[in-house]
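Student: no FASTA, just this:
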């Protein structure tokens, strides 16, 4: 086709060293790499072996040295505290260098681990970058995470220091972090030597334990610390996958490949120029917060938004539009659940009309499958490209995307478009054989994975191999199921464990969710498989309605059954739909389908560590009991 995407993609697959070697020229190295791709220990591949750099230097200092110190690096916008603040690159350099000095004074050196337990404030990024400056390995744990889950991470990462804020702030409450942290430390076998607390006025922490330090007081005592060069293959951070039980999986990210890949994505995928304002509406505790709140925008010399609030209710469904308008945001990256929430509360986009978004160029969505109805609504009200893209905690950036900076393909609703350069995606059957276009199977990526992805799990090479590489030798198992069409568009239908077996037919719950989401009264939905004595499993739908809908639940349930029968067929055996007020989700917006399925089948389940509001689960149980489930098996 002769466009920039086709050329980039072909080179990335056929000559990986040439493609990524060229991309690496955009990074400042203290020592140039010897080998772009080291495959001597395959399948444990390493990128830019022999190279040396500092990620913090590339994200902060280089821009100051280039004369752009007065440019905004971070815009902090917190409707929860009614605070707005801008941090320039020069100010960020000073804050990071001084906090690196604080960590160094506590004995933190290259390779040491630091756990960061922080809310959405600029100091969270300062702490991450300060670790990178020293060559220390940070592990960010979502602020307010349960003590048991934090304890498992303390034991696995064995940090020398924990950095925390005194509190996090939710729309209706202030969460004191210090008691949670102390509980976690009491449970953990590994006890960190030092705890550094950033005091927030909404809830001051009592610093009365040995090793407790006040962030601001310690900063006053130290000199700025210089950047410490590290090997490209040295770890930058560990990020534990959400929802783990027992020993969590610590995804490792290296310094060199990570910097090269993320810098490249800002222009190639997101079409961002240095100096422009980019907003990823996520949290630093998740992979999106690492990649696209902290590192990628700053590596690229863009301005990143740190937002502390919710898409609705802080104070209204126009919050996102206000932030975009006030701060001149050109591109927003968020989860589909945020837009479903906005659409549900303001289906006619009345609040949008109050703001000038003429400068806004693109909306990117990721984090879960995006139903076509939500994309269509966003396209209609924003009148800009709405790009769904697919990636994972493990990959660190997009596996498939409509690469706007290379070539904007026509959007096909339900597809994150085509494989991003560097990614060789195949659809495999259960025997590892490649399936023809249009056939649903396991989505897998041919090794080696591109730079910026996980080289292994923290102290767990065998677990890395078993979890991701063993089932399909020569491939990375994504754990997602889907298909690729004749045009090369990838469709991610569901997690492989969300394929349900109805009387021997393998069906995607994600495909059914697309149908339900198209109902004009439905704001959000989920489909699970529940046990059935005759068919093995049958699908069950949950729907949340848009604000102001008065249609009877029985009518909506009948509509949903008819729509699934018409669009997927009687084979789906779709009959029941439950209307609920809200769905249980993780703090990052993923619907907890597995937990809902266990409730429906009356199985024991562990309260998910990442659940946003545990109070929703009794509501789900009650709704299921009303239709004879959650204690009874459904019968066809």
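Tutor: Sure thing, it's come through. Just so you know, these numbers come straight off a predicted model, no measurement behind them. Numbering: from 1, shown residues only.

Student: Report the contact partners of residue 304.
Tutor: Taking C-beta atoms under 8 Å, 6 or more residues apart in numbering, we find residue 304 in contact with 73-75, 125, 277-280, 292-294, 297-298. For every residue, glycine as well, the C-beta is placed using N, CA and C.

Student: Mind checking which of the residues you listed land in helices?
Tutor: Under the assignment DSSP state H, these contribute 125, 297-298 to helices.

Student: CSV for these, including neighbour count, distance to residue 307 and pLDDT?
Tutor: As requested, those are exported to CSV (neighbours: other C-beta atoms under 10 Å; distance: C-beta to C-beta, whole Å; pLDDT from 0 to 100):
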residue, neighbour count, distance to residue 307, pLDDT
125, 29, 13, 98
297, 28, 13, 98
298, 27, 16, 99
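
Student: can you redo those residues as CSV with distance to residue 350?
Tutor: Formatted as CSV, the ones in helices among the contacts of residue 304 follow (distance: C-beta to C-beta, whole Å):
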residue, distance to residue 350
125, 34
297, 31
298, 35
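
Student: and which of the residues you listed is nearest to residue 363?
Tutor: Sorting the ones in helices among the contacts of residue 304 by how near they are to residue 363, with C-beta to C-beta, puts residue 297 at the top with 16.4 Å.

Student: That closest one reaches residue 303, doesn't it?
Tutor: Yes. If you go by C-beta atoms under 8 Å, residue 297 and residue 303 touch, sitting 7.0 Å apart.

Student: burial measure for the nearest residue to residue 382 once chain neighbours are set aside, as a count.
Tutor: Sequence neighbours aside, residue 363 is the residue nearest to residue 382 in space, at 6.1 Å (criterion: C-beta to C-beta, 6 or more residues apart in numbering). Using other C-beta atoms under 10 Å, residue 363 has 21 neighbouring residues.

Student: where's residue 363, which helix or strand?
Tutor: strand 362-365 (DSSP states H and E).

Student: quick one: average pLDDT of that strand?
Tutor: For strand 362-365, mean pLDDT rounds to 97.

Student: if you go through the stretch 501-636 of the chain in chain order, where are the helices?
Tutor: Per DSSP state H, counting those that start in this stretch, the stretch 501-636 of the chain carries helices over the ranges 509-517, 553-567, 593-600, 616-626.

Student: what sits up against the first one?
Tutor: Pointing back at helix 509-517 there. Taking C-beta under 8 Å, 6+ apart as the rule, helix 509-517 contacts 369, 371-374, 414, 492-494, 498-500, 522, 524-529, 539, 541, 543, 560, 563-564, 567-568, 572, 574, 577, 593.

Student: Quick check on the residues you listed: which are buried?
Tutor: The neighbour count (16 or more other C-beta atoms under 10 Å) marks 369, 371-374, 414, 492-494, 498-500, 522, 524-529, 539, 541, 543, 560, 563-564, 568, 572, 574, 577, 593 as buried among those.

Student: Would you mind confirming that residue 3 makes contact with residue 403?
Tutor: No. Using C-beta under 8 Å, residue 3 is not in contact with residue 403, being 10.0 Å away.

Student: residues contacting the residue nearest to residue 382?
Tutor: Residue 363 makes contact with 331-334, 378, 382, 384-387 under the criterion C-beta under 8 Å, 6+ apart.

Student: ok so, going back, could I get the contacts of residue 304 in CSV, plus columns for distance to residue 115?
Tutor: Below are the contacts of residue 304 laid out as CSV (distance: C-beta to C-beta, whole Å):
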residue, distance to residue 115
73, 24
74, 22
75, 26
125, 16
277, 30
278, 27
279, 26
280, 22
292, 22
293, 18
294, 16
297, 24
298, 21
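
Student: Residue 58: which of these is nearest?
Tutor: Once C-beta to C-beta is applied, the member of the contacts of residue 304 that ends up nearest residue 58 is residue 298, at 8.4 Å.

Student: Spatially nearest residue to that closest one, not counting backbone neighbours?
Tutor: Closest to residue 298 by C-beta to C-beta, 6+ apart is residue 59, at 3.9 Å.

Student: if I've got this straight, the one you found is in a strand?
Tutor: No. According to DSSP: H, G, I helix; E, B strand; the rest coil, residue 59 belongs to no strand; its state is helix.

Student: who's in contact with it?
Tutor: 129, 132, 294-295, 298-299.

Student: separation between it and residue 112?
Tutor: 20 Å (C-beta to C-beta, to the nearest Å).

Student: if we can go back for a sec, of the helices of the stretch 501-636 of the chain, which is nearest residue 391?
Tutor: Of the helices of the stretch 501-636 of the chain, nearest to residue 391 by C-beta to C-beta is helix 509-517, at 16.6 Å.

Student: what angle sits between that closest one and helix 553-567?
Tutor: 120 degrees (axes from the mean of the first three to the mean of the last three C-alpha atoms, to 10 degrees).

Student: Quick one: mean pLDDT for helix 509-517?
Tutor: Helix 509-517 comes out at a mean pLDDT of 87.

Student: Going by neighbour count, which residues in that helix are buried?
Tutor: Those would be 509-517, for helix 509-517 by 16+ other C-beta under 10 Å.

Student: again with stretch 272-285
Tutor: 272, 274, 276-285.

Student: which one of these sits closest to residue 90?
Tutor: Comparing the buried residues of stretch 272-285 against residue 90 with C-beta to C-beta places residue 274 closest, at 15.6 Å.

Student: Residue 307 contacts residue 78, correct?
Tutor: Yes. Counting by C-beta under 8 Å, residue 307 touches residue 78, with 7.4 Å between them.

Student: Have a look at the two and say which one is more surrounded.
Tutor: For the pair residue 307 and residue 78, the greater number of neighbours falls to residue 307 (26 against 18), based on other C-beta under 10 Å.

Student: Now that one: closest residue in space that isn't a chain neighbour?
Tutor: The shortest distance from residue 307 to any non-neighbouring residue, by C-beta to C-beta, 6+ apart, is to residue 77 (5.2 Å).

Student: Run a quick check on that neighbour versus residue 306, I expect a contact.
Tutor: Yes. If you go by C-beta under 8 Å, residue 77 and residue 306 touch, sitting 7.3 Å apart.

Student: Look at the two and report which has more neighbours.
Tutor: Between residue 77 and residue 306, counted using other C-beta under 10 Å, residue 306 has the larger neighbour count: 25 against 22.

Student: Which residues lie in contact with that one in this structure?
Tutor: Neighbours of residue 306 in contact, by C-beta under 8 Å, 6+ apart: 74-77, 120-122, 124-125, 293.

Student: Without its sequence neighbours, what residue ends up closest to it?
Tutor: residue 76 (4.8 Å).

Student: how much space is there between that neighbour and residue 303?
Tutor: With C-beta to C-beta as the criterion, residue 76 and residue 303 are 11 Å apart.

Student: same question, residue 3
Tutor: Taking C-beta to C-beta, one finds residue 3 at 29 Å from residue 303.

Student: More neighbours: these two, which one.
Tutor: Between residue 3 and residue 303, residue 303 has the larger neighbour count (other C-beta under 10 Å), namely 27 against 13.

Student: circling back to that earlier point, can I get the contacts of residue 59 in JSON lines including distance to residue 263?
Tutor: Formatted as JSON lines, those follow (distance: C-beta to C-beta, whole Å):
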{"residue": "129", "distance to residue 263": "15"}
{"residue": "132", "distance to residue 263": "14"}
{"residue": "294", "distance to residue 263": "13"}
{"residue": "295", "distance to residue 263": "9"}
{"residue": "298", "distance to residue 263": "10"}
{"residue": "299", "distance to residue 263": "4"}
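
Student: which one of those residues is nearest residue 626?
Tutor: residue 294 (45.0 Å).

Student: my guess is that closest one contacts residue 125, does it?
Tutor: Yes. Between residue 294 and residue 125 there is a contact at 5.0 Å, judged by C-beta under 8 Å.
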